[in-house]
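Peer 1: below is the structure, and that's it, no one-letter string:
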């Protein structure tokens, strides 16, 4: 490279570093201004309510402007063609788009309000992700920056107007994707691919389903979609809410840092149990009972059990107001109940509607007699009068979710009537508590009972609707859990993320269309993501061997990564080999996950502690974390050691699906240690479970000796 060209690059790099320093100084100035506004906010607010509202808004603004020096403020730059027709604007209502813009995680302006860094979600930033040599979208040059910590170290340019496009050969892009994973999941704003960007920027009112193979970034797509929607519709969504629904607390902890890193601090996260948890969980169901409780037919059974409580008036009611006694005949009362039932209200709404109509009949009689309408106190007194209350309790009795489910699972006759023609006798037997509880208060509710209680609550009263719910690992949602989500998005939209091949629950989905129907979004588009950016090629190829045995209609995953290590080794002492494997990773960067069936966990932890290694916990991971196979879904580690695949498969009915999940948690290195023969789907001629007689598959070491070499 000529010396003058090297000098030019150094000058360019110095100029970008200067811009970075200026941007950080401007961000700090923005934060100081927000802090000053917060300090005087109470004095400039007109009343206590305004002061509190302003204080909350300013405190949020201060938090959003926090700077992390380990994270670069910008990761890209666009040089746009000033002569091109402006295609987009910086913000709605802004001027035409020309010139040069740095793209980052948040919007940073100088003292005059001129943008130093554009938020990655701004309309013009879309070209950073979507522009190509075939469709430059007015972009002359796209620049990506390399960083070490928060320091800018390099850059590379693509001259799109001249047909130059690096794509998957971008060194900076690949280095960012392959950067070691330590701690929680991080954002991917610097590496979003065009097909991911299309999903992130889908309209708020559009529901989508992403069928994503391992390592395709489906979780990141969902989180960045939440950030994008909050940016575009902030006030609207602040009122109605955005919810991230994840499979367990370990997963939610793992993803919890992504949205705050993007400046979004108020997105609610929940597990399915947390979303619908009306009572504490203290009981456990047999699998047979769980399966029936999660079956969508239970919605019909509950509906029958509830509405069968309605009765008919067999006598008139007489109500005294202290001056006169008013009467309503039984025929009139029966018609009133029947007419209200035909309107199909929520049950408790219907009960109050009947009460109001009874009071209305009494009121008309009083008006006819006196010529005047009695006031609201009279109406409230009539509504609570004993004859009216007794009529309601007889013909439209009060119910709670707990009392309805308690009666259904306790009383064989009630269950038989409600389930007739819907459930079999064996299913009814599985549902009934073998030893009925004495009262509602004494029930030890199970996790599966929560879906019944929520279904019952939805029949009694309408749920308020959230505007958007992002559901991750959705393949394990049962139909009844889907219905619970649907009740909370009646007027909203969803982003459904999952992989049918990773379904491990007894009721796991096998067809996204069926899940979408239960979610109330049958017309949502199903979009496949098959190109993996996280899991190395050899690991993906190993996991793909399981797909035919999983009996799901999903395309095999492919990977853009040819790096990484894959080792399969037959051993005699599993715990000792895990310790030896960890010793071999000591000098390597990144996190290590040791994944095994539950019965091996205590022994593995003890062996690690004896070897001087302190394993972290799922909610507080360290360099090494021992992970139950049942909780590995959604997590990722640079190095994964899978212990005894056959035990993982044998531990549950959908054990092969669980193994597929476990094998795809590695982003750099996967070691599979086994004392028993490998499961049949993996034990091929290339992966001979005798321990090394066969010729290894490309990129695979399978032996009884040392670790294999780096894949080429």
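Peer 2: Perfect, I can see it now. What you see is a predicted model; the values in this text were computed from it and never measured.
Peer 1: next one: the helix or strand hosting residue 273 to chain centre, how far?
Peer 2: Assigned by DSSP states H and E, residue 273 falls within helix 272-276. From the chain centre to the centre of helix 272-276 is a distance of 12 Å (Cα atoms, centre = their mean, to the nearest Å).
Peer 1: low-confidence ranges in the chain?
Peer 2: Residue ranges of the chain with pLDDT under 70: 1-7, 40-63, 82-98, 168-169, 177-178, 180-184, 684-712.
Peer 1: show me what counts as buried in the helix holding residue 273.
Peer 2: If you call a residue buried by 16 or more other Cβ atoms under 10 Å, then helix 272-276 has these buried ones: 272, 275-276. (Glycine included, C-beta is placed from N, CA and C.)
Peer 1: let me have those in a markdown table, extended by distance to residue 151.
Peer 2: What follows is the buried residues of helix 272-276, written out as a markdown table (distance: Cβ to Cβ, whole Å):
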| residue | distance to residue 151 |
| --- | --- |
| 272 | 42 |
| 275 | 42 |
| 276 | 47 |
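Peer 1: for those, which one is nearest residue 343?
Peer 2: Here the nearest of the buried residues of helix 272-276 to residue 343, counting by Cβ to Cβ, is residue 276; it sits at 26.8 Å.
Peer 1: which stretches of the stretch 501-650 of the chain form helices?
Peer 2: Under the criterion DSSP state H, counting those that start in this stretch, the stretch 501-650 of the chain contains helices at 512-518, 537-544, 547-550, 574-584, 598-610, 645-650.
Peer 1: among the ones you listed, which is nearest residue 481?
Peer 2: Taking Cβ to Cβ as the measure, the helices of the stretch 501-650 of the chain were each checked against residue 481, and helix 512-518 came out nearest at 8.6 Å.
Peer 1: helices and strands around the closest one, which ones?
Peer 2: Helix 512-518 sits against strand 208-212, helix 479-487, strand 493-498, strand 525-529, with contacts defined as 3 or more Cβ pairs under 8 Å, 6 or more residues apart in numbering; DSSP states H and E.
Peer 1: mean neighbour count and distance to residue 643 added to those, as a markdown table?
Peer 2: Formatted as a markdown table, the entries for the helices and strands packed on helix 512-518 read as follows, by neighbours: other Cβ atoms under 10 Å; distance: least, Cβ to Cβ, whole Å:
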| stretch | mean neighbour count | distance to residue 643 |
| --- | --- | --- |
| strand 208-212 | 24 | 27 |
| helix 479-487 | 23 | 31 |
| strand 493-498 | 27 | 26 |
| strand 525-529 | 16 | 30 |
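Peer 1: reformat these as CSV; add distance to residue 550.
Peer 2: Rendered in CSV, the data for the helices and strands packed on helix 512-518 read as follows (distance: least, Cβ to Cβ, whole Å):
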stretch, distance to residue 550
strand 208-212, 14
helix 479-487, 20
strand 493-498, 14
strand 525-529, 16
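Peer 1: ok, which of these comes nearest residue 192?
Peer 2: Distances from residue 192 to each of the helices and strands packed on helix 512-518 were compared by Cβ to Cβ, and the smallest falls on strand 525-529, at 12.2 Å.
Peer 1: can you list the strands that that closest one pairs with?
Peer 2: Each strand that strand 525-529 pairs with, and the sense of that pairing, follows from DSSP bridges: strand 208-212 (parallel).
Peer 1: so what touches the partner strand?
Peer 2: Under the criterion Cβ atoms under 8 Å, 6 or more residues apart in numbering, residues 199, 202, 218, 221-222, 474, 495-500, 512, 515-516, 524-529, 554 lie in contact with strand 208-212.
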